[in-house]
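Colleague: whatever this is, show me its structure:
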Amino acid sequence: MVSFDKETRKIKKLVGNIVDFTINELKDKGLISLYVAGTILTKDRTPQSDIDLFGITTDDFNFNDENKLNKIFEERVNSLCEGKETRFRAFPLCVLEEGKRVGVSKYLHPKRILRRFPFFTYVYGRKFDFKKDFPLKTMGIKEEALFLIKGLKQNIKDLRTGKEIFPYTNFPKHVVELIRVEAEKDYGFKYDPSYAKLTKHLRNEEDHIIHRVMGFRGKKAKRREIVKFCDEAEKYIADLNKRVVKWK
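Modeller: Reported below is the predicted structural model:
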């Protein structure tokens, strides 16, 4: 069995190599700064954790360069990426300054991603102060809850009908996003994207759905398991929605 420390060193070296490769590919193509997102460098890491790179770029960034880089990651997944699914996503300044929906921000709302950026691992370029450098305001608690509820309802519909516009394994993560908002509003949780911190905060809420959701972490769930879980998630969403509409 590989020790956690040894595995961590191996992961850090791998991520470092991929970061260097990415910088070399994009440093003259509008890349302003680079961050490692997701759980790969955190205590939330599981064997299934991907390598997600988020770059802040100039507004004239060519998204063809994003596609070309991700194509390289796909083609060299076993050599360069050592079997880890790896993606680079560009966020032009206009996304974080004005809330424009271009690139991946068509799906990841700018007002939500702006809140997450300070928790990512900065690795290159200009280091931003996300509270001072960008005029865009993050979503309010109620606005975010309603936004997530709407998206989750569509996720459930798509899963049940076999229409997959996102990897089905992401559905539990989407539910956790809503749980995190609920925890902030009703359980005094201070925002943090850490799964471990959220679960620990709700550890005394024995019947909360968080404990079933976290059962999907670190395992390769089958599609039928996720679809079955939709029933419980749908009930949670409906019950929470009744409370959310009353939030101030």
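
Colleague: quick check: residue 210 touching residue 202?
Modeller: Yes. Counting by C-beta atoms under 8 Å, residue 210 touches residue 202, with 5.0 Å between them. Glycine gets a C-beta too; all of them are placed from N, C-alpha and C.

Colleague: anything in contact with each of the two?
Modeller: Common contacts of residue 210 and residue 202, defined by C-beta atoms under 8 Å, 6 or more residues apart in numbering, comprise residue 179.

Colleague: in the helix or strand containing residue 226, what counts as buried?
Modeller: Here residue 226 sits within helix 223-244, counting by DSSP states H and E. Buried residues in helix 223-244, counted by 16 or more other C-beta atoms under 10 Å: 226, 229-230, 233, 236-237, 240-241, 244.

Colleague: any chance of those residues in CSV, plus distance to residue 40 and pLDDT?
Modeller: Converted to CSV, these look like this (distance: C-beta to C-beta, whole Å; pLDDT from 0 to 100):
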residue, distance to residue 40, pLDDT
226, 22, 93
229, 24, 95
230, 27, 95
233, 26, 97
236, 28, 98
237, 29, 98
240, 30, 98
241, 33, 97
244, 32, 97
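
Colleague: can I see the domain layout of the chain?
Modeller: Under the assignment automatic domain parsing, the domains of the chain span 4-125, 141-244.

Colleague: low-confidence stretches in the chain?
Modeller: The model of the chain has pLDDT under 70 over residues 1-4, 165.

Colleague: please enumerate the strands of it.
Modeller: For the chain, applying DSSP state E gives strands covering 31-37, 51-57, 86-92, 121-125.

Colleague: I'd like to know which elements the third one is packed against.
Modeller: It refers to strand 86-92. helix 4-26, strand 51-57, helix 63-75 (3 or more C-beta pairs under 8 Å, 6 or more residues apart in numbering; DSSP states H and E).

Colleague: need the ones you listed in CSV (columns: mean neighbour count and distance to residue 180).
Modeller: Formatted as CSV, these follow (neighbours: other C-beta atoms under 10 Å; distance: least, C-beta to C-beta, whole Å):
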stretch, mean neighbour count, distance to residue 180
helix 4-26, 15, 25
strand 51-57, 23, 18
helix 63-75, 15, 28
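
Colleague: how about the ones you listed, which one is nearest residue 123?
Modeller: Each of the helices and strands packed on strand 86-92 has some distance to residue 123 by C-beta to C-beta; the shortest is helix 4-26, at 5.0 Å.

Colleague: quick check: angle from the closest one to helix 63-75?
Modeller: Counting by axes from the mean of the first three to the mean of the last three C-alpha atoms, to 10 degrees, helix 4-26 lies at 140 degrees to helix 63-75.

Colleague: which helices and strands sit right next to helix 4-26?
Modeller: strand 31-37, strand 51-57, helix 63-75, strand 86-92, strand 121-125.

Colleague: what about 6 Å?
Modeller: In terms of contacts (3 or more C-beta pairs under 6 Å, 6 or more residues apart in numbering; DSSP states H and E), helix 4-26 is not packed against any helix or strand.

Colleague: quick one: that helix to strand 121-125, angle?
Modeller: Going by the same axes, to 10 degrees, helix 4-26 makes 30 degrees with strand 121-125.

Colleague: can you show me the CA trace of helix 4-26 as CSV?
Modeller: Only the C-alpha atoms of helix 4-26 are listed here, as CSV (Å, rounded to 0.1, in the frame of the first residue of the first chain):
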residue,chain,number,x,y,z
PHE,A,4,-0.4,9.0,2.1
ASP,A,5,2.7,11.1,2.3
LYS,A,6,4.4,9.3,-0.6
GLU,A,7,1.2,9.5,-2.7
THR,A,8,0.9,13.2,-1.9
ARG,A,9,4.5,13.8,-3.1
LYS,A,10,3.7,11.9,-6.2
ILE,A,11,0.6,13.9,-6.9
LYS,A,12,2.3,17.2,-6.3
LYS,A,13,5.1,16.3,-8.7
LEU,A,14,2.5,15.3,-11.3
VAL,A,15,0.5,18.5,-10.9
GLY,A,16,3.7,20.5,-11.0
ASN,A,17,4.7,18.9,-14.3
ILE,A,18,1.3,19.6,-15.8
VAL,A,19,1.3,23.2,-14.5
ASP,A,20,4.7,23.8,-16.1
PHE,A,21,3.4,22.3,-19.4
THR,A,22,0.3,24.5,-19.3
ILE,A,23,2.3,27.7,-18.6
ASN,A,24,4.7,26.9,-21.4
GLU,A,25,1.7,26.4,-23.8
LEU,A,26,-0.2,29.5,-22.8
